[in-house]
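>>> Let's see this in three dimensions:
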Amino acid sequence: MTQSDFLHPGERFDDLNRNGYSIIQDPKRFCFGMDAVLLSGFAEVRKGDEVLDLGTGTGIIPILLEAKTEGRHFTGLEIQKESADMARRSVAYNQLEERVSIVDGDIKEASMLFPPSSFDVITTNPPYMIGQHGLKNSEEAKYIARHEVLCTLDDVVKQSAKLLKPGGRFYMVHRPFRLAEIMVTMTKYKIEPKRMKLVYPFVDKEPNMVLIGGIRGGNPRMTVEKPLIVYEKQGVYTDEIIDIYGY
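Residues are numbered from 1 along each chain as shown. Predicted structure coming up:
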């Protein structure tokens, strides 16, 4: 089969620069961004791990983690059926059906879709915006992906706590302006924050992303890691970003 056999009208394949993998995207819907790629580089997945990505969109994080790590199996949960369908077709195109599964479902009901304490690692790139924060997108798919319409931060962390094994690892990318809320919510559900890395577009600008990792039932002690700078100068990535992308 050729690439065109996997595509619907308006869709395209984007090269992931990993293992020859490509992913199907629709520019009219929500395309993955740098935040998902950075999360795939931040998450620690060990040999034999069972991994769940909450709100997987078109499956970018499970596919990248499959390429980068020795995890045993990767599952993506997605509520938007069109995005989940694109993710499944990307999985099929890359011949990853035995290693990556895409499940239709609501994050708020995740603990009813999977057995309790069944994952070693959970990753998530959840909607960042609440209320009137950020620009509202006229396209519903983009709006749902960026705003807390169908799930909240509390929903994501609560469900993760139920699905992680004791000692399991939780990794999330979010926005720094919600960092205090993130910390409170994680500790509320006994996912102890253990690692944090701020992401700066330029060395002299404010951070615009935060990568945070926690352990279910972990002891209090968090490491604030060296900041990640995206650009050396306009249009030129730093070496660390190039390494994460695999260019």
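
>>> those helices in this structure, which residues are they?
For the chain, helices defined by DSSP state H occupy the ranges 34-42, 60-68, 81-93, 110-113, 140-146, 153-163, 179-188, 239-245.

>>> residue ranges with poor pLDDT in the protein?
128-150, 247 (pLDDT under 70).

>>> which residues of it fall in strands?
Here the chain has its strands, by DSSP state E, at 12-15, 22-25, 50-54, 73-78, 100-104, 119-124, 164-174, 191-200, 209-216, 223-224, 228-229, 231-233, 236-237.

>>> Now mean neighbour count too, for those, in CSV please.
(Glycine included, C-beta is placed from N, CA and C.) Listed next are the strands of the chain as CSV, based on neighbours: other Cβ atoms under 10 Å:
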stretch, mean neighbour count
strand 12-15, 13
strand 22-25, 22
strand 50-54, 26
strand 73-78, 24
strand 100-104, 20
strand 119-124, 25
strand 164-174, 22
strand 191-200, 19
strand 209-216, 22
strand 223-224, 10
strand 228-229, 20
strand 231-233, 12
strand 236-237, 14
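
>>> Looking at the ones you listed, spot the one closest to Leu39.
For Leu39, the closest of the strands of the chain is strand 164-174, at 4.3 Å, according to Cβ to Cβ.

>>> Now do that closest one and strand 119-124, the angle between them.
20 degrees (axes from the mean of the first three to the mean of the last three Cα atoms, to 10 degrees).

>>> Just name whatever secondary elements strand 164-174 is in contact with.
On a contact count with 3 or more Cβ pairs under 8 Å, 6 or more residues apart in numbering; DSSP states H and E, strand 164-174 meets helix 34-42, strand 119-124, helix 153-163, helix 179-188, strand 209-216.

>>> which residues touch the shortest one?
Looking back up the chat, that one is strand 119-124. For strand 119-124, the external contacting residues (Cβ atoms under 8 Å, 6 or more residues apart in numbering) are 39-40, 43-46, 48-55, 61, 65, 71, 75, 156, 160, 163-165, 168-172.

>>> Now Asn94. Its backbone dihedrals?
Per-residue torsions, Asn94: phi -90, psi 0 (degrees, to the nearest 10).

>>> Apart from its neighbours in sequence, what residue is nearest it?
Spatial nearest neighbour of Asn94, chain neighbours left out: Tyr21 (4.8 Å); criterion: Cβ to Cβ, 6 or more residues apart in numbering.

>>> Could you do Leu163 as well?
Leaving out its chain neighbours, the residue that sits closest to Leu163 by Cβ to Cβ, 6+ apart is Phe119, at 5.2 Å.

>>> what do you get for Gln159?
Leaving aside its sequence neighbours, Gln159 sits nearest to Ala110 (Cβ to Cβ, 6+ apart; 4.2 Å).

>>> With Val103 instead?
Among residues not flanking Val103 along the chain, Leu77 sits closest, at 5.1 Å (Cβ to Cβ, 6+ apart).

>>> From one end of stretch 199-212 to the other, what's the distance?
Separation of the first and last residues of stretch 199-212 by Cα to Cα, to the nearest Å is 11 Å.

>>> contacting residues around that stretch?
34-35, 38-39, 42, 171-176, 179, 182, 186, 193, 195-198, 227-231, 233.

>>> ok, back up a step: compile the strands of the chain into TSV and extend it with columns for distance to Ala87.
Shown next, in TSV, are those (distance: least, Cβ to Cβ, whole Å):
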stretch	distance to Ala87
strand 12-15	13
strand 22-25	8
strand 50-54	10
strand 73-78	6
strand 100-104	4
strand 119-124	14
strand 164-174	18
strand 191-200	25
strand 209-216	22
strand 223-224	32
strand 228-229	26
strand 231-233	29
strand 236-237	26
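
>>> Before I go, just wanted to say thanks for your time.
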